[in-house]
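Participant: quick one, structure for this:
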Amino acid sequence: MLEPIDLAELTPDELAVALEPTGFPRFHARQVYRWIHGRGVTDPAQMSDLPQPLRAALVQSYRISTPRIVADDTSSDGTRKLALELADHRRIEAVFIPDTPSMTFCISTQVGCAMACDFCLTGKMGLVRNLTAGEIVGQVRVLASVTGLLGQPFNIVLMGMGEPLHNYDATMKAIAMLHEPDGMALSPKRITLSTVGIVPALDRLATEPLMPNLAVSIHATTEEMRTRLVPPNKRYPLREILAACRRFPVKHRSRITFEYVLLDGVNDTPEDARRLVTLLEGIRAKVNLIPLNPAPGIPYERPSDD
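Facilitator: Predicted coordinates:
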């Protein structure tokens, strides 16, 4: 028996095709999309502007999946971390960061991660599987609903579990779905994609019509140290990543963010600071210094505030 089509995975045009067997006009597809992604409603019975027979057909012949909250923890600074369970019972994390004036959702693109960064717990898991576009968008829908931000402005950072450019097609489809006027109507300017730097995918990203902000995780200022901390550097060395960044079409008044996790006594010397300035010369850049958040299983410590 065939699995019912999951409407939460589809763009409005794909929805129109999927609903053709119901015999209803195509414009209803945009109404369904608006209910799911604009209003966070996944029960067809509550989709009040749809004909009753169409609502019944949605219940009988289709499904609308949404990640299920299995844990919801709030820290002292208001940051809220959600553990979400997917349809196959795999679990991911999504985070709400209520930093004023921006409200930011940190979203996962994979279950686990293949990048194996030496200071990252997710990297210790290895890659379990890619998320679908609907699962990526579903995290945003859940966070917007529980924070009361549906219909309100917020930002998204694709830097939860996983490497977005390692799941390229699903990530870009999710960005397109989030941008849909009948959904969350999110401007790409409000979306930041964070990557360790997969050079062919960076060059492909540079040609996309919907281009998010770019953040590149470098974490070191020499090839040797970066290979130790970020194993993909063996294949895509820092010099090639920075060359791709120099080719990248940065919008007017925008910059590429370079993320740098500070590890005590490893990559936090004055010499590293000076090398970083030299490496980024000629790139419209800003640097986000992130003191390590230590945890059991990570063989590094946070540097002192000094």
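Participant: am I right that Gly138 sits in a helix?
Facilitator: Yes. Assessed with DSSP: H, G, I helix; E, B strand; the rest coil, Gly138 lies in a helix.
Participant: report the buried residues of stretch 24-40.
Facilitator: 24, 28-38, 40 (16 or more other Cβ atoms under 10 Å). (C-beta placed from N, C-alpha, C; glycine too.)
Participant: which residues in the stretch 101-250 of the chain form helices?
Facilitator: 121-125, 133-146, 168-179, 199-205, 223-229, 238-247 (DSSP state H, counting those that start in this stretch).
Participant: tell me the mean pLDDT for stretch 138-150?
Facilitator: The pLDDT scores in stretch 138-150 average 96.
Participant: same check on stretch 79-86?
Facilitator: For stretch 79-86, the per-residue pLDDT averages 96.
Participant: what residues of it count as buried?
Facilitator: In stretch 79-86, counting by 16+ other Cβ under 10 Å, buried: 80-82, 84, 86.
Participant: also stretch 141-161?
Facilitator: Neighbour-count burial for stretch 141-161 [16+ other Cβ under 10 Å]: 141-144, 149-150, 154-161.
Participant: re earlier: quick one: which of the buried residues of stretch 79-86 is nearest to Lys124?
Facilitator: Lys81 (18.1 Å; Cβ to Cβ).
Participant: secondary structure element for that closest one?
Facilitator: strand 80-85 (DSSP states H and E).
Participant: dump that strand to PDB, keeping only the CA atoms.
Facilitator: Extracted C-alpha coordinates of strand 80-85, given in PDB (Å, rounded to 0.1, in the frame of the first residue of the first chain):
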ATOM      1  CA  ARG A  80      14.700  27.900  24.400                       C
ATOM      2  CA  LYS A  81      15.900  24.500  23.100                       C
ATOM      3  CA  LEU A  82      13.400  22.100  21.700                       C
ATOM      4  CA  ALA A  83      14.000  18.400  21.000                       C
ATOM      5  CA  LEU A  84      11.800  17.400  18.100                       C
ATOM      6  CA  GLU A  85      10.800  13.900  17.000                       C
END
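Participant: what angle do the helix or strand just after it and helix 133-146 make?
Facilitator: Going down the chain from strand 80-85, the next helix or strand is strand 91-97, by DSSP H and E. Relative orientation of strand 91-97 versus helix 133-146 (axes from the mean of the first three to the mean of the last three Cα atoms, to 10 degrees): 40 degrees.
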